[in-house]
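Asker: Sharing a model prediction with you, sequence too.
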Amino acid sequence: MLYIVGYGEMAKAILRGLKNGKWDMENVGVVGRNEEKLKNIEKEFNVKTFLLDGFDITDKEIILAVKPYALTEISMRIKGVANTLYSILAGKSLTEIEKYIKAKFYIRAMPNIAAAFSASTTAVTGDVEVKKRAEEIFSYIGDVVWVENDDEIDMATAIIGSGPAFLAIIAEAVSDGGVYIGLKREIANKLTKGLFKSFSKIDMNFSEIKDKVMSPKGTTAEGILEMEDNKARGTILKVIKKTYEKSKKL
């Protein structure tokens, strides 16, 4: 049986992915403090629910899906030694998790906001003994990328965790550009969303895509010159770097 500690948005995203993916929801449990919220979760997802205080995690598979600041409190309310602990707490290393909650095996995962649509790209690391199981579980909310260690998870977080916010700014700017040159906002938004959707389907290296679109003395070449003149590439590099550095200070 798989247990999820927490009932926030990411916990619900995982539950929704499992349910839509035909996981046996009778073998899923949700653990939390608020009895009323647990009842709502039980009704929505047809799962068993358990109160947090005194919950015994011994030999269980546990997904820790709470806010990072709640780690200390959670550790004081539960008991036992889990079989496998899957943590999705941002900024909390495996070493730190191990200090608070005991388990035989540990996995750290970093999904993103697209998990709500089963379209996350989730970075995963931890004990290789449970690698396949971790990849199986998180595949229910999208694609899974195995990385080698905690530091690579923090690097991945700068891209897949924070990235949607960065892309949202870029998308908004592209749409604004469309409006500036004369498109109606509704059309500019649809074109921009379509652009991102179609781009994700192009199975080429990024430089290949650019080279395919950029013709000699063409319109795209003009736009790329403007981007390079305004140091767009360098700015994005610095954004990822700064985001990663901030994650190491949490």
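Answerer: The structure has been received and is ready for your questions.

Asker: how far out from the middle of the chain is stretch 85-97?
Answerer: Distance, stretch centre to chain centre, for stretch 85-97: 14 Å (C-alpha atoms, centre = their mean, to the nearest Å).

Asker: Run through the residues that contact residue 140.
Answerer: 14, 17, 18, 20, 21, 23, 118 (C-beta atoms under 8 Å, 6 or more residues apart in numbering). Placement of C-beta: from N, CA and C, glycine included.

Asker: Let's see which of those residues end up in strands.
Answerer: Assigned to strands by DSSP state E, none of these qualify.

Asker: Same list (the residues you listed) but as TSV, adding neighbour count and pLDDT.
Answerer: Listed next are these as TSV, based on neighbours: other C-beta atoms under 10 Å; pLDDT from 0 to 100:
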residue	neighbour count	pLDDT
14	30	98
17	23	97
18	22	97
20	11	96
21	11	96
23	17	96
118	17	96
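
Asker: how about those residues, which pair is most distant?
Answerer: Using C-beta to C-beta, those reach their maximum pairwise distance at 23 and 118, which is 12.0 Å.

Asker: So for the residue of the chain most remote from its centre, what's the pLDDT?
Answerer: Within the chain, the residue lying farthest from the chain centre (C-alpha atoms, centre = their mean) is residue 217, at 40.1 Å. Predicted confidence (pLDDT) for residue 217: 96.

Asker: ok, it to residue 211 distance?
Answerer: Applying C-beta to C-beta, to the nearest Å, the value for residue 217 to residue 211 is 15 Å.
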